[in-house]
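**Student:** Any chance you could fold what I've pasted below:
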Amino acid sequence: MVSFYSANGDFIYKDISLTGGTSVTVYEKTSATQIKNDLSDKLSDVSTRSIYDIVTREQKAVIIETTTEGDTTRQVLEEYFGYELTTENSSFEFTGSALSESFYRQLLIAILIAFVFMGIVVFIIFRTFVPSTAVILSAFADILMTLALVNMLGMRMSTAGIVAFLMLIGYSVDTDILLTTRILKRDEGSLNSRIFGAFKTGITMTLTSLFAVVFALFVVRSFSIVLTQIFSILAIGLGFDILNTWITNASILKWYKEKKP
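**Tutor:** Next up, the predicted model:
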């Protein structure tokens, strides 16, 4: 993440909802990839994607996003398509860079506040340093590892993606709290049996959520970039949560319980 920040000046790739720019939806059945290749030297930071009907899978439109100013974008696209873009055959949305940057900072502050309050609640519940720190560390690792994989995939983060990380905080701590409660606050059975009991319950919770998210991702991926990004981030985060909870956190808690007088 340090090298990524040094190379890009931020921790994520941002789309125009976080950087500012122009989004144009053209009701045209054409190749989004071809449009991107043709306009890459005329528009800055251009990205394209197609929109399909959820039932028939028929292409309905193509979305073109760029950081180029709106009037210039309109002129370039009208020259490219060969006709005037009106409200009947297209739609334009423009977001100012100052507003986008302000919204981005507010979302980051919201994530930080949510994480801090989550940590406070965990310390209040367990009132011991090592188990509470293990829960917080596991949740932080889920977010950090998910963010690293999202960057490796080249995903451009939108406001919806930032919100997905907020949701991931909740998904990350539920199984950790379940595991910690079973180990520290219950005495029936051996330590290993309590861990295994928590594992059966927790893995059922996580896999149920993961399967639901993956199914939803398969359904919406053709027509909603917002939902696709949210479900993609949640699916990646839930996968990492299985590793961080049942390997890292479980190991720390077992060591702590065995060493505790």
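
**Student:** mind checking which helix or strand the closest residue to L107 other than its chain neighbours is in?
**Tutor:** Ranked by Cβ to Cβ, 6 or more residues apart in numbering and with sequence neighbours excluded, the top spatial neighbour of L107 is I162, at 4.3 Å. The C-beta positions use only the backbone N, C-alpha and C, and glycine is treated the same way. Per DSSP states H and E: I162 is located in helix 159-184.

**Student:** same deal with T25?
**Tutor:** If you go by DSSP H and E, T25 is part of strand 21-26.

**Student:** other SSEs contacting that strand?
**Tutor:** If contacts are counted by 3 or more Cβ pairs under 8 Å, 6 or more residues apart in numbering; DSSP states H and E, strand 21-26 sits against strand 59-66, helix 70-81, strand 90-95.

**Student:** so which of those is the most packed in?
**Tutor:** Highest mean neighbour count of these: strand 59-66, a mean of 21 (counted as mean count of other Cβ atoms under 10 Å).

**Student:** Next, the angle from that one to helix 70-81.
**Tutor:** Interaxial angle of strand 59-66 relative to helix 70-81 (axes from the mean of the first three to the mean of the last three Cα atoms, to 10 degrees): 130 degrees.

**Student:** centroid residue for the chain?
**Tutor:** When Cα atoms, centre = their mean is applied to the chain, the residue found nearest the centroid is I233 (3.4 Å).

**Student:** Can you tell me the SS state at that one?
**Tutor:** Using DSSP: H, G, I helix; E, B strand; the rest coil, the secondary structure recorded for I233 is helix.

**Student:** how near is the closest residue to it other than its chain neighbours to V213?
**Tutor:** Distances taken as Cβ to Cβ, 6+ apart put A164 closest to I233, at 3.9 Å, once the chain neighbours are dropped. Distance, A164 to V213, by Cβ to Cβ, to the nearest Å: 10 Å.

**Student:** between these two, who's got more neighbours?
**Tutor:** Neighbours per residue (other Cβ atoms under 10 Å) separate A164 from V213, with A164 holding more: 25 against 20.

**Student:** Let me know which of the helices and strands packed on strand 21-26 is the nearest to K200.
**Tutor:** strand 59-66 (44.2 Å; Cβ to Cβ).

**Student:** partner strands of that closest one, parallel or antiparallel?
**Tutor:** If you go by DSSP bridges, strand 59-66 pairs up with strand 21-26 (antiparallel), strand 47-52 (antiparallel).

**Student:** Could you dump the helices and strands packed on strand 21-26 into JSON lines and include distance to E188?
**Tutor:** Formatted as JSON lines, those follow (distance: least, Cβ to Cβ, whole Å):
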{"stretch": "strand 59-66", "distance to E188": "57"}
{"stretch": "helix 70-81", "distance to E188": "66"}
{"stretch": "strand 90-95", "distance to E188": "57"}
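
**Student:** among these, which is nearest T206?
**Tutor:** For T206, the closest of those is strand 59-66, at 33.4 Å, according to Cβ to Cβ.

**Student:** Provide the contact partners of that closest one at residue level.
**Tutor:** For strand 59-66, the external contacting residues (Cβ atoms under 8 Å, 6 or more residues apart in numbering) are 15-16, 21-30, 32, 35, 39, 43-53, 73, 77, 225.

**Student:** for the strand holding T25, which positions count as buried?
**Tutor:** By neighbour count with 16 or more other Cβ atoms under 10 Å, strand 21-26 contains the buried residues G21, T22, S23, V24, T25, V26.

**Student:** Convert that strand to PDB, retaining C-alpha atoms only.
**Tutor:** Taking C-alpha atoms only, strand 21-26 is exported to PDB below (Å, rounded to 0.1, in the frame of the first residue of the first chain):
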ATOM      1  CA  GLY A  21     -15.700  14.900 -14.200                       C
ATOM      2  CA  THR A  22     -18.300  14.100 -16.900                       C
ATOM      3  CA  SER A  23     -20.400  11.000 -17.200                       C
ATOM      4  CA  VAL A  24     -22.300  10.500 -20.500                       C
ATOM      5  CA  THR A  25     -24.900   7.800 -21.200                       C
ATOM      6  CA  VAL A  26     -25.400   7.300 -24.900                       C
END
